[in-house]
Every structure is written in C-alpha cells, then in structure tokens.
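[1] fold the following.
(chains A and B)
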Number of protein chains: 2
Amino acid sequence: MTLLLRRAQWQIQAVVAFAEAGSLLFGMFDPLEKLKEYIGLQSVSADSAYRSEMLKTRDFVAGMFREMGLGVEIVDTKGHPIVVARRTGPASWPHVVIYGHYDVQPVDPIELWETEPFVATEKDGRLYGRGAADNKGPQMAHIAAVAELLEEYPELPLRLTFVIEGEEEIGSPNLLPLLEERQEELSEADFVLLSDTLSPSAEQIAVTVGLRGIVEMEFELVGPNSDLHSGLYGGAVYNPLQAMAEVCASLHTPDNRVNVPGFYDDVTEVEDWEREELKRLGSDEEVYKASLGVEALHPHAGYTPFEAIRYLPTLEFNGMWGGYQGEGSKTIVPAKAQAKITCRLVGQMDPAKIGKLVADTIRSRVPAGIRIDFRMGHSGVPYLVVPPDRPNTPQNQPPRLAQAFRATDRAINEVFGRPPLFLREGGSIPIIADVKRVLGLDSVMIGLFLPEDNLHAPNESMVVGVLKKGTEVSKRILKEISGIY
Amino acid sequence: MTLLLRRAQWQIQAVVAFAEAGSLLFGMFDPLEKLKEYIGLQSVSADSAYRSEMLKTRDFVAGMFREMGLGVEIVDTKGHPIVVARRTGPASWPHVVIYGHYDVQPVDPIELWETEPFVATEKDGRLYGRGAADNKGPQMAHIAAVAELLEEYPELPLRLTFVIEGEEEIGSPNLLPLLEERQEELSEADFVLLSDTLSPSAEQIAVTVGLRGIVEMEFELVGPNSDLHSGLYGGAVYNPLQAMAEVCASLHTPDNRVNVPGFYDDVTEVEDWEREELKRLGSDEEVYKASLGVEALHPHAGYTPFEAIRYLPTLEFNGMWGGYQGEGSKTIVPAKAQAKITCRLVGQMDPAKIGKLVADTIRSRVPAGIRIDFRMGHSGVPYLVVPPDRPNTPQNQPPRLAQAFRATDRAINEVFGRPPLFLREGGSIPIIADVKRVLGLDSVMIGLFLPEDNLHAPNESMVVGVLKKGTEVSKRILKEISGIY
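    Numbering: from 1, shown residues only, chains lettered A, B, ... in the order given. Now for the predicted structure:
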C-alpha cells in the first residue's frame, strides 16, 4: 500500500470516528486507530518473553514517525532500544523535545481483566487495554498533534525531537546515558513536553511542576546463625525481629516527622501561591479517607495530607519480613529480619546525602548482638519548575519556556473549559530531574490520565475525550510556540 | 514364623550386637534392632500422604507390646490412634505410666540428609534416621527396660500403662481428651516416666523438673484498602509496617523486660538450690555466643542467659511480615502487616490471662488509622515438680514419686558415672502440665537426646551408648519402684 493510499484511508476513518464521537475533528492521522494498534503490541519491558513484541513495537513507533515525515533514528542500548525522531530546521526555529515511552507494565493478575489486555476495546467513552493510560494514550496526544499540525502547516517553523524509550517501567536505565551522549544536540532545545502524570479529573487538568526525588535502600539484621527454638533459646538472644521493630520504630516521631538527624535540612519553603493552587483542587479529607478505607490520616504535624504528599519528604517502609509466615505457628527465634525503605525527597535534598544519613542512623541504632547488612538502591533528585508570573519565578527563565507555560494555561482553559492547576506531585520521575541536570531543560508536564484509569493495574483505560482534547491542547501549544496564532 | 522362633532369632542378634558393641548386655528383646525397624516406618503425622505408614507404625508398636505380654488397646481418635498397653495387677502394686510418641517430624529438606531418613543407619556409635532421637530412640529405652525386666522377673510386682500417641509433633490434639476420659483409671497411678527432653551431653544427663508454658497469638494490622503508591500517598496515611514496628517495639524495655502491664505478676521465685544446680551445668557464655554466632547476648537484666531461658517468661516474635519481599524495589505503602508471637510462661502464669493482657496491650497501642485483627492460638500452662529433699519440696509429695526421683538420681549416677542435674527447661510440653492438671500426676523426665542429635532437622541421630545406658537406668528405676534391689 502506498503512503498516499494509506493517508486517504485514515482520512475516511477519521471522518467516521468524528461522526461517531460527535466531538473534535481529527485530521488524516487517526490517533484513536493508531492507539488501538499501539495497545495491541505487547510491549512488556520487564519480561524477556516479550522481547520480539518489544521490537515490533519499536518498529511501529518508528513507522508512525516516518509516515509523519520525520527522520527516525533507532538508538540501540544495553536494554531495549530508544526511538528518536527529528524534524530539523533553522536554529532560529523553536525546538521542543517530546518524551514518551512505548513499554508497558506486565498484565498480571490477568484473571482480573474484563477485556483482553492487549486488545484495545472501546466501551462507554473509554479505551481499555494495557498501556492505554501509561503511556501510549497520553503520548499519542502529542504525536497526533504533531501529525495534524504538519498536515495543516507543512512549513511549520518548529524543530521537534521525539524521544520514545522502551524502559520507563523498569527505571529508564539507558536513557540517562543517551542524554549525556547527546547533550550538545539536545541541550539547545527550549523545553520538554510530555504527558505521563496525573490529573484529578477529566474536567480539571493538572500541570505538574514538581516531583519528589527518591532514594531506595534495604537492609538485613542478622542475629543467631540459624533459626533457634524459641523455648530453648528465647530470652537469651536478641530476636532480630525485635531489633527490626525497635530500629524501624525509632525512625519517626509521634507527629510523623522522620526521626533522622539532618533529614529536613535541605527541605525548601513552599510558596503561598502553591498552597492557594492546591486549595483550588478542593480535596476533601472525608472523601479521601473513605476512598482509602481508613478512619484517620497521619500527615506530618502542621500539614494537610494533600500538602504532605507534595511538599514534604518521607521515609516509607515498602516491605519488612522475617521468621515464619505460614499457617499456624512455628516457635522460633528467627536468624534474621529484612526491610526495604524508600525516602521521597523534596527541595534541595540530595539522594546520596539522605541515603547516607538514614543508613548511618539505622546502623547506630542496631543493638549489640545483631549485625547489619545495608544496601543502597536507585535514586533520583527532586524536581521543581516555577511557571512564569509567580513571585518565585526565576529572573532568568527562558522566554520560550515561559511562553509554553502561558500557552498551556490558555489552551487547557479553552479546550477543557477550566484553567489547569499547577501542582507538585508526590511521585518521582527521576528522568525529569536528569533532563534538567544534564540538558538544563525544564519540562511541561500535562496530566492526561486520571485516578480511575487503573495504571499498573487490571482494566487500565483512558477516556477517549481526554485523548482528543489533549491532542487539541498540544496542537495549540505547539502552534503558539511556533508563532502561529 | 512362630513367636518362639522370632524370640530365638532376637537372642542371636542380641548376642551379636553385644559382641560388636562390647558394652551392656541386652536380653532377648534387642532394642537396637527393634529401633531400626521402628525408624524404618515413615510415621509423619503432619502429612496425610503418610496415613498408611502411620497405621503400620501403630501396628508395629502394638505388636511390640503384645510380644512383651502386655494387653494392648488401640484408641481411635479424630486424628491418629493412640496405643495404650497395660500390665495389670493388684492395687497394692506400684503403677507407672510411661509416655512416648510414635510420630515423627517431616524429613524436609531431604537433600541435606547424608543417609536415607527412613533407613536406620549405624555409624560411629550413632544411629541415624528420622525419629532416632525424637522420640523413637529415647522411648525405646523404657520399652526395652520393661521387656528385659519382665523376662528376668516374670512376677515383677509392678503395674504399667504405656501411652504411646501418634500426634505429638502436631500438638497432641487428641491426648487430653483421652486423659479426661480415662481420668479415673490413670489418676490412681503413681507417676509418669518419659524421655522426651534434652541432656547437655552423653556424660551429663539432665532430669527435667520444669517446663515453660506457652501461649501463641497472631495479628494483622490493616491500613488502606489496597497497597498504595508510596509517591502519590506516602506521607498521608499511616503505613501498617510503621505501626507494626512501633507496636512491637513497645513490647520490650531496653533491659529486655516484657513491657506489658501485669505480665510478671504470677512469676514465682527461683530457689537457691536450682541456681546451684544450674551452675553445676558449667555453661560458658563465650562458648554459647560462639555456637550461636552472636557477639552479645540479651537476657533480662539481673539474669544470666542460662537462667533467663529457664526461669523467666518471654514474648518472642516468631514471624513478622508485610509489603514487598522480592528482588529490587516496589514503591508501595502496603495495605497490611502481620506478626506471630509466642509467650513462654513460668510459675503460676496462666496462658489465657497472659494472652488477654498481651492482646489488650497491643490493641491499646494501635494508632488511629490502623485496624487490628487478633487471633489467639494454642496454649499450655507451665509445669514444675520439686524433687524430694529440697527446701521447697511439697510436704505432701507422694512417696513413690519421691522414691522414683531418688532412684533416678542413683541409677544415673551409677550407669552414667555422674549424678543427673535436676533442671528446668525453656521449652514447653503442654501435655505434661495437662497430666498434672487432669490426673494429678507428676512426671519424671530423663533426658536421652543431646544438643547435637539434630531433632526436627536433617541427619537426626541418637548415640547408641546413651540408648543402652538409658535402658539400664530405666530398668533400675522400675526395679527399685517394684521393691526389688
């Protein structure tokens, strides 16, 4: 099939889709059909059994960009390849980097899916399937926006670099090396545009301006050289589970501050405009408690839970175990106990420094008779970008970044009918901070998935209307950056 | 084969065994060969796959007693049957109950066995095989003693009741009902004789005069209704693992007292003679630490570790778990955390009362935002018998019990060349306290297995010399009780 014929076919499909959806008009590039095809590709990066599907997905992504007329480069890595697609032009043209990932989470537990995870299924205004919301759908909004813009404005004065990786769900181990290698080329871009964050609802879009950093660690407390009979030895030796409980209990104060000396030293102030913006989110503690099934929340003293998850660091126990976990009882003093901890970081907190503080504190609290084996894991620095026109906006903010934020604000207001909230989020996307550190670029993060989209869970879906509106928002931002009004 | 022929064969085997072992003479009943046959029967009570082997073992035990001329009753229960064998006589004859169990622990991990677990294998003065030490071997000392005595003294003025159960390794669920049902018959006995306890070495035999009681419990701390993303929710909710650590850490003071109000109320004093007896054991803390692989011990303040495990109650964490235990990290706030606890009890401590104290204390320390689900498990009261001629010997101690202790002291001194130590043990045999409570009978517990015998572990074995000397000790005790010197 020639490219021309296929384009004609898309156009027909788009008209049909428009007639059915009765909403925004898609151009020749039908993002919904493209997305369905994309979801059908089983791009599970964590499982080597999906290796050939990963390669098919890489080729599908590369094919989309080629059809749009972009120059495609496949960057092979130690893991899954990265697709880089470029629209080049004069240095005077603005240059936007658009980020996304073509890999998805595993589908287990498969028995809880109501549709086939790798068969995109439209139902009640939603598109179901693994990757629909994370990240194939939101990513498609930007790809479709570019496809449509280039059809409408073949001479669009805009340089573009798409970076679509295949390892986001396994921690992006090979993206940072690429950034470092292409530092010269990429750092002269104006900003990064992406959609891999959350919005509170289909009516209220959020632009994420902050992400917490993270540092992972785990340790083992070792007591006797084997499990002991709790009758014959109980009372003579330090039980490693008792030591684990005592050490871990010492790491928070009753008002839920992290009880590690120096932990809060590099936390920075939150500005009033941020607290105001968060209030506009209108979160309700009662609704929140009911949704979580808890009778009480436990934020750090002086903060609401909604502030705490965004503005404060944490020390969280992700796992803890030792001894007998089976049915009934086994009367032992176990030989060892283990724990996994992650700290979320904010402000100027440095993962290596915090990791060392926590490790040293834990070591210092291990009692005599117990040995400790400590291992540090992955880490990422916190990220914060201040939109223009705020009291704390940096004096030297790049004009095109400021322009992008203003365009985003306006476009979301016009397309979704309500201005976005510029919010920090509690999660961590370490690569965003790496982009800032290595390339000096800030990111405009437009949330196009919702709390009910079941990311990383069975029955993942995306609201089709959000995809269409998101595409329109992306188009308007890119047009405005290009100087076309 | 007629019984007569078989007896003649045993006699020949016994002579051969004597010639080989060059030690004590066995009579017509060859305990070592009987024990080898007994070990060959795969009497794993915990696994229903071994049901037919359990029945074969029951028949083997019953057959031994019938060959000895005892009246055998098979008591069917809801679980595995109990073998009761009787030698009746005039009410003026002393009456000794001898206890043992024909079931054994599972053999896993099978790959760590150096011989076939169910093929009794003699090597370097030891008999290897599952059940060799727990309890087939030590039990055989008493069976052989009776067999030999009855051959030597067919008119022995002694009544005997053997109670050999098949469920000791799964908590003896059907023995207490039997005791209650046969209360009238059994309570008129003089005492119980058994060997299912530990001695420090083949040279130093211990007579166990105290056992700790036990109460098992487990609980679950429940937070949010599912595992939460630790970035999006961390800092808002109480992490159930944090609550678990805080609750469990609160249960001991730094000097390792159990921090539950009222916990020590019913602990009774330890007599000086007991401390003296324990000192004669000559335990060395440095050797003990080295054997356990720990740099420090952690007994309750004011007690040596060897005192603490015998004289004091404990609250021990047998298992604790929650959240992610796999490789790498999973950044969650887990929905729940779980723990298993056993308390060891001494003196007048009542399991139900202590269980309630601990449960109430734990409940009272669960923070807001966390629910608790608490379950009590099995329990057993502590047991203590004071040998005769001690400052705290009860005034009304039954004369034949006193006589049995004196005989035991003398026989062990003569046969093993060193008097026994009368020691409390840290373990729990709930049925011993039940026998006291239901039947009013005390137990004479002669330790015939050693620390290196690998009970409940691969390569279980028993020292053949200990079996032979134990048989001789049992014979001397029963002779003396019968009035034959």
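
[2] where does residue A:444 fall, phi/psi-wise?
    phi -100, psi 110 (degrees, to the nearest 10).

[3] now do the contacts for it.
    A:191, A:192, A:193, A:194, A:207, A:401, A:404, A:405, A:408, A:477 (CB atoms under 8 Å, 6 or more residues apart in numbering or on different chains). Quick note: C-beta positions are derived from backbone N, CA and C, even for glycine.

[4] show me which residues of the stretch 351-485 of chain A sit near chain B.
    A:367, A:368, A:369, A:370, A:371, A:377, A:378, A:425, A:426, A:427, A:428 (CB under 8 Å from any CB of the partner chain).

[5] for the residue nearest to the second one when sequence neighbours are not counted, which residues are in contact?
    The reference is to residue A:368. With sequence-adjacent residues excluded and distances taken as CB to CB, 6 or more residues apart in numbering or on different chains, residue A:368 is closest to residue B:296, at 3.8 Å. Residue B:296 sits next to A:238, A:367, A:368, A:369, B:289 when contact means CB under 8 Å, 6+ apart.

[6] for the residues you listed, which one is nearest residue A:175?
    Closest approach to residue A:175 among those (CB to CB): residue A:367, at 42.3 Å.

[7] does the closest one touch residue A:240 like I think?
    No. In terms of CB atoms under 8 Å, residue A:367 does not count as a neighbour of residue A:240; the distance is 10.0 Å.

[8] looking at these two, which one has more neighbours?
    Ranked by neighbour count (other CB atoms under 10 Å in any protein chain shown), residue A:367 and residue A:240 place residue A:240 first, with 28 against 16.

[9] and that one, what is it in contact with?
    A:221, A:222, A:223, A:322, A:334, A:335, A:336, A:337, A:370.

[10] the last one contacts residue A:243, correct?
    Yes. With contacts counted by CB under 8 Å, residue A:370 reaches residue A:243, the gap being 4.6 Å.

[11] what helix or strand does residue A:34 sit in?
    In this structure, residue A:34 sits in helix A:31-39 according to DSSP states H and E.

[12] returning to that earlier point: narrow the residues of the stretch 351-485 of chain A next to chain B to those that are buried.
    The neighbour count (16 or more other CB atoms under 10 Å in any protein chain shown) marks A:367, A:369, A:370, A:377, A:378, A:425, A:426, A:427, A:428 as buried among those.

[13] surely the residue nearest to residue A:368 is within a strand?
    No. Residue B:296: not assigned to a strand; according to DSSP: H, G, I helix; E, B strand; the rest coil it is coil.

[14] give me the contacts around the one helix or strand residue A:404 maps to.
    Under the criterion of DSSP H and E, residue A:404 resides in helix A:399-416. Residues outside helix A:399-416 that contact it (CB under 8 Å, 6+ apart): A:94, A:96, A:190-191, A:193, A:203-205, A:207, A:385, A:387-389, A:393, A:418-420, A:422, A:442, A:444, A:446, A:469, A:472-473, A:476-477, A:480-481.

[15] count the neighbours of the residue lying closest to residue A:201 once chain neighbours are set aside for me.
    Spatial nearest neighbour of residue A:201, excluding adjacent residues (CB to CB, 6+ apart): residue A:450 at 6.2 Å. Here the number of neighbours of residue A:450 (other CB under 10 Å) works out to 20.

[16] contacts only, for residue A:450.
    Residue A:450 sits next to A:133, A:198, A:199, A:200, A:201, A:202, A:463, A:466 when contact means CB under 8 Å, 6+ apart.

[17] residue A:239 too?
    A:223, A:333, A:334, B:316, B:317 are the contacts of residue A:239 under CB under 8 Å, 6+ apart.

[18] kindly recompute the last result at 10 Å.
    A:221, A:223-224, A:228, A:230, A:233, A:245, A:322-323, A:332-334, A:337, A:369-370, B:248, B:252, B:256, B:298, B:314-318, B:320 (CB atoms under 10 Å, 6 or more residues apart in numbering or on different chains).

[19] what of residue A:258?
    A:251-252, A:264, A:300, A:312-316, A:343, A:354, A:357-358, A:361, B:235.

[20] and the residues you listed, which is closest to residue B:31?
    Closest to residue B:31, out of all of the contacts of residue A:258 and judged by CB to CB, is residue A:251, at 58.6 Å.

[21] where does the stretch 51-200 of chain A have low pLDDT?
    Within the stretch 51-200 of chain A, not a single segment meets pLDDT under 70.

[22] tell me the strands in it, going along the chain?
    Secondary structure of the stretch 51-200 of chain A, counting by DSSP state E, counting those that start in this stretch: strands at A:71-75, A:82-87, A:95-101, A:121-123, A:126-128, A:159-165, A:191-194.

[23] pairing partners for the fifth one, with directions?
    In the sheet containing strand A:126-128, the strands it pairs with under DSSP bridges are strand A:121-123 (antiparallel), strand A:461-463 (antiparallel).

[24] pLDDT score assigned to whichever residue of the stretch 351-485 of chain A sits closest to chain B?
    Chain B sits closest to residue A:427 of the stretch 351-485 of chain A, with a gap of 3.3 Å, by CB to the nearest CB. Confidence at residue A:427, expressed as pLDDT, is 92.

[25] with residue A:28 instead?
    pLDDT at residue A:28 comes out at 71.

[26] next, count neighbours for it.
    Using other CB under 10 Å, residue A:28 has 18 neighbouring residues.

[27] ok, it touching residue A:147?
    Yes. If you go by CB atoms under 10 Å, residue A:28 and residue A:147 touch, sitting 7.7 Å apart.

[28] with mean neighbour count as added columns, please give the strands paired with strand A:126-128 in a markdown table.
    Below are the strands paired with strand A:126-128 laid out as a markdown table (neighbours: other CB atoms under 10 Å in any protein chain shown):
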| stretch | mean neighbour count |
| --- | --- |
| strand A:121-123 | 14 |
| strand A:461-463 | 26 |
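
[29] reformat those as JSON lines; add distance to residue B:34.
    Listed next are the strands paired with strand A:126-128 as JSON lines, based on distance: least, CB to CB, whole Å:
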{"stretch": "strand A:121-123", "distance to residue B:34": "71"}
{"stretch": "strand A:461-463", "distance to residue B:34": "71"}
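
[30] hey, where'd the strands end up in the stretch 301-450 of chain A?
    Assigned by DSSP E, counting those that start in this stretch, the stretch 301-450 of chain A shows strands spanning A:314-323, A:332-333, A:336-345, A:371-380, A:383-384, A:421-425, A:443-446.

[31] related to what we said a few turns ago, which neighbours do residue A:370 and residue A:243 have in common?
    Counting by CB under 10 Å, 6+ apart, the residues touching both residue A:370 and residue A:243 are A:221, A:222, A:223, A:336, A:337, B:298.
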